[in-house]
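Engineer: The following block contains a protein sequence and its predicted model.
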Amino acid sequence: MPLLGMNIINELYLLLMCVCFITSIGIGKIDKNLRILSILLFFSILTETFVYTMYYSKEYKSYYFLVYHLYIPIEYSLLTYYFQTQIHDQKLKKVLIYTIPFIWIACAVISIWFSGLFNYPGYSLNLTGCLIMLWAIIILFNIPPEVNFTLFRLPVFWVTAGILIYYAGNFFFNSLYQYLLDTRFELSRTLNWLINKGLNFVLYVCFIVAFICSRRMRKFL
């Protein structure tokens, strides 16, 4: 979940997202499950484009957080759908899928009645983040032993590792960011650059490594 910071950091962040998306192009022919992440990247870039356009316009600057409120359930749905493709237990797969409509409803309730549509959606982020981390941990502990590949060559390892680092690292930041925006704006910007942006870079680098690993595995097979 990106936030605004210095222009140079935003530009580097968007560049990394584009590189990640380009790396993912064609990956669906190799690994159909990773195609879901490619779709997620497309929505992420689209979201950032809208956000930055709104933020730097005088007319819509106060409303850019609304885009993130809309993006969060989309992000959760795609990540959860990806995780359920990595699970063989049919009951657990259904549990993951059933949480998707719950999250859409919960995020709508939180956004409208608790955090506000034009404030930072920290509560929704932490709710979806906790569930996504739970799915990631389940996936990590259920990776079957591979004869020909080490753990670090498996795309799913890099995807789950990046997601765990990102959401765990941002948990307390999400809880405090709106308060800091209202009371200590400069500090909130600094923490955004150090924590949120830094973890975003880690996340997308992990995604890039996952895409590269998938291509190499295909060549090996």
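Structural biologist: That came through fine. Since the structure is predicted, the reported quantities are computational estimates derived from the model, not experimental observations.
Engineer: For the longest helix along the chain, buried residues please.
Structural biologist: Once the chain is assigned using DSSP state H, the helix that runs over the most residues is helix 155-183. When neighbours are counted by 16 or more other C-beta atoms under 10 Å, the buried residues of helix 155-183 are found to be 155-167, 169-170, 173-174, 177-178, 180-181. No exception for glycine: its C-beta is placed from N, CA and C like everyone else's.
Engineer: could you give me the average pLDDT of that helix?
Structural biologist: Averaged over helix 155-183, pLDDT sits at 94.
Engineer: So which elements touch that helix?
Structural biologist: Packing contacts for helix 155-183, counted by 3 or more C-beta pairs under 8 Å, 6 or more residues apart in numbering; DSSP states H and E, involve helix 122-141, helix 185-191, helix 198-220.
Engineer: and that helix, how far out from the chain's middle?
Structural biologist: Using C-alpha atoms, centre = their mean, to the nearest Å, the distance from the centre of helix 155-183 to the centre of the chain it belongs to is 9 Å.
Engineer: Would you mind giving me the confidence score for L3?
Structural biologist: The per-residue confidence score, pLDDT, reads 45 for L3.
Engineer: I misspoke; the intended subject was S188.
Structural biologist: We note a pLDDT of 89 for S188 in this prediction.
Engineer: what residue ranges in this structure score low on pLDDT?
Structural biologist: 1-6, 145-149, 216-221 (pLDDT under 70).
Engineer: now do 80
Structural biologist: For the chain, residues meeting the criterion pLDDT under 80 lie at 1-9, 28-30, 58, 143-150, 215-221.
Engineer: so who does the closest residue to I212 other than its chain neighbours touch?
Structural biologist: Here the nearest residue to I212 in space, its sequence neighbours aside, is T23; by C-beta to C-beta, 6 or more residues apart in numbering that works out to 7.0 Å. With contact set as C-beta atoms under 8 Å, 6 or more residues apart in numbering, T23 has these partners: 207-208, 211-212.
Engineer: from those, which is closest to Y123?
Structural biologist: F207 (25.6 Å; C-beta to C-beta).
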